[in-house]
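Student: Quick check, what structure comes out for this input:
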Amino acid sequence: MYKQQSKLRVRYSETDKMGVVYHGNYIQYFEVGRVEYMRDIGVVYADLEKQGIGMPVVNIEINYRSPAVYDEELVIETWIEKLPTSKIIFHNKAIGETGKVVCEAQVTLVFINDKFRPIKSPDAVIEALKANGVG
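Tutor: Next up, the predicted model:
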């Protein structure tokens with residue numbers, strides 16, 4: 001199973017009064033991971049949108065494990081464990097410089113058409129995932 005890794009450095013504006021990453025920013029970090037995961041397997045969000053296919057987030061389960069701080073480099077690890085139907089579930093970990101998991105999440109998106117109705121996963125997405133070890 002393919003796991004995509006994106007690196008990013010915590011910016012000062014992403015921290016709170018306590019000097020740690022504000023919890024809401026992890027959602028943006030994990031979005032970076034999702035977009036890069038899909039791009040790496042050959043599926044570009046912008047191309048899906050041109051076909052009238054959207055992928056809104058419908059659920060996020062998130063666990064904060066340890067604080068990350070300003071200027072710390074994080075590795076955002078993203079993977080998919082099973083083939084999508086009308087829903088696709090991304091798994092994410094934010095890993096700090098010491099190798100410790102600072103945050104992890106499971107993010108569920110739904111494939112929709114241009115009328116905001118759920119649709120089945122496009123065949124191209126399923127084929128790309130199968131080619132990258134998702135079964």
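Student: Please make it C-alpha for all contacts and neighbour counts, starting now.
Tutor: OK.
Student: And Ile112, how close does it get to Val35?
Tutor: Distance from Ile112 to Val35, counting by Cα to Cα, to the nearest Å: 17 Å.
Student: quick one: which of these two has more around it?
Tutor: In this view Ile112 and Val35 are compared by other Cα atoms under 10 Å, and Ile112 has more residues nearby, 20 against 15.
Student: which residues touch the more buried one?
Tutor: Taking Cα atoms under 8 Å, 6 or more residues apart in numbering, we find Ile112 in contact with Ile53, Gly54, Met55, Pro56, Pro118, Ile119.
Student: Pick out the most distant pair among the residues you listed.
Tutor: Pro56 and Ile119 (12.1 Å; Cα to Cα).
Student: what's the overlap in contacts for these two?
Tutor: Val110, Phe111, Ile112.
Student: As a check, name the ranges of all helices in this structure.
Tutor: 25-40, 45-50, 123-131 (DSSP state H).
Student: Mind listing what's buried along the last one?
Tutor: So that's helix 123-131. Using 16 or more other Cα atoms under 10 Å as the test for burial, helix 123-131 gives Val125, Ile126, Ala128, Leu129.
Student: hang on, the earlier thing: can you redo the shared contacts of Pro56 and Ile119 as TSV with distance to Tyr64?
Tutor: Below are the shared contacts of Pro56 and Ile119 laid out as TSV (distance: Cα to Cα, whole Å):
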residue	distance to Tyr64
Val110	24
Phe111	27
Ile112	30
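Student: Tell me which residue is most central in this protein.
Tutor: With distances taken as Cα atoms, centre = their mean, the residue of the chain nearest its centroid is Arg34 (3.1 Å).
Student: if I pick it, what's in contact with it?
Tutor: Arg34 is in contact with Thr78, Phe90, counting by Cα under 8 Å, 6+ apart.
Student: 10 Å instead, please
Tutor: Arg34 makes contact with 4-6, 28, 40, 45, 76-80, 90-92, 107, according to Cα atoms under 10 Å, 6 or more residues apart in numbering.
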